[in-house]
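Participant: Any chance you could fold what I've pasted below:
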Amino acid sequence: MTAPLHGRAEENLRFIRSTMEQAASFTAVPGWGQVAMGITAFPAAWFASRQPDALGWLVVWLADGVVALTIGSAALVRKAHKVNSPLLSGPGRRFVLAFLPPIIVGAVLTIALYLSGARPLIPGAWLLLYGTGVVTGGAFSVRIVPVMGIAFLALGVAALFSPVAWEDWWLGAGFGGLHITFGTIIARRHGG
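Facilitator: Here you go, the predicted model:
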């Protein structure tokens, strides 16, 4: 009778561990990585505002996006390893699967808006779609992450309905200011 009881106990422990892993929140959101991402947005806003044409403006912001993506990805992997949170299973996988679709839509819309001559709509679309990704991905993370997404959504709405001359200010405030503000909060409350 000892062997079957022992076997059932191990099976129950595996089930409990699996259930807890799936129910847990994704805590590997890198606060200091977000701060670093935010810092890059301020020079990007300055350089983009001085571009003589729409293509130059787009190139500056896309270059900053690549830099920010590199910083954010490296910080995410580093923090996930530090807190022993697997990226591709449980909450990490759900976070990524919820975050990526709005980002992919943003990339497709960027091309479509630029080619159709509606480039002034790009900043609002970027902020709205990034905010959507942060809110949906944040549903599987710590509470402050979806709040950050809502702040991006608010800036996206403001960017869509304000003068085009303010576009770099909105992008700097969002991708710079919000990342630094919320990144600092996340780092202090949730460990780096």
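
Participant: got the contact list for the residue nearest the centre of the chain?
Facilitator: Most central in the chain under C-alpha atoms, centre = their mean is residue 134, positioned 5.0 Å from the mean C-alpha point. By C-beta atoms under 8 Å, 6 or more residues apart in numbering, residue 134 lies in contact with 99, 145, 146, 148, 149, 152. From N, CA and C alone the C-beta is placed, and that goes for glycine too.

Participant: can we see that at 10 Å?
Facilitator: 29, 98-99, 102-103, 141, 145-153, 178, 182 (C-beta atoms under 10 Å, 6 or more residues apart in numbering).

Participant: Now do the helices in the protein.
Facilitator: 2-23, 31-49, 54-82, 90-115, 122-138, 144-160, 167-171, 179-190 (DSSP state H).

Participant: Make TSV out of those and add mean pLDDT.
Facilitator: Output for the helices of the chain, formatted as TSV (pLDDT from 0 to 100):
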stretch	mean pLDDT
helix 2-23	60
helix 31-49	95
helix 54-82	91
helix 90-115	90
helix 122-138	94
helix 144-160	95
helix 167-171	97
helix 179-190	91
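
Participant: so what pLDDT did residue 24 get?
Facilitator: Looking at residue 24, its pLDDT reads 52.

Participant: So for stretch 35-47, what gets flagged as buried?
Facilitator: Buried positions in stretch 35-47, judged by neighbour count with 16 or more other C-beta atoms under 10 Å: 35, 36, 37, 38, 40, 41, 42, 44, 45, 47.

Participant: Just list the residues touching the fifth one, thanks.
Facilitator: If a contact means C-beta under 10 Å, 6+ apart, then residue 40 has 63, 64, 65, 67, 68, 70, 71, 175, 176, 179 as its contacts.
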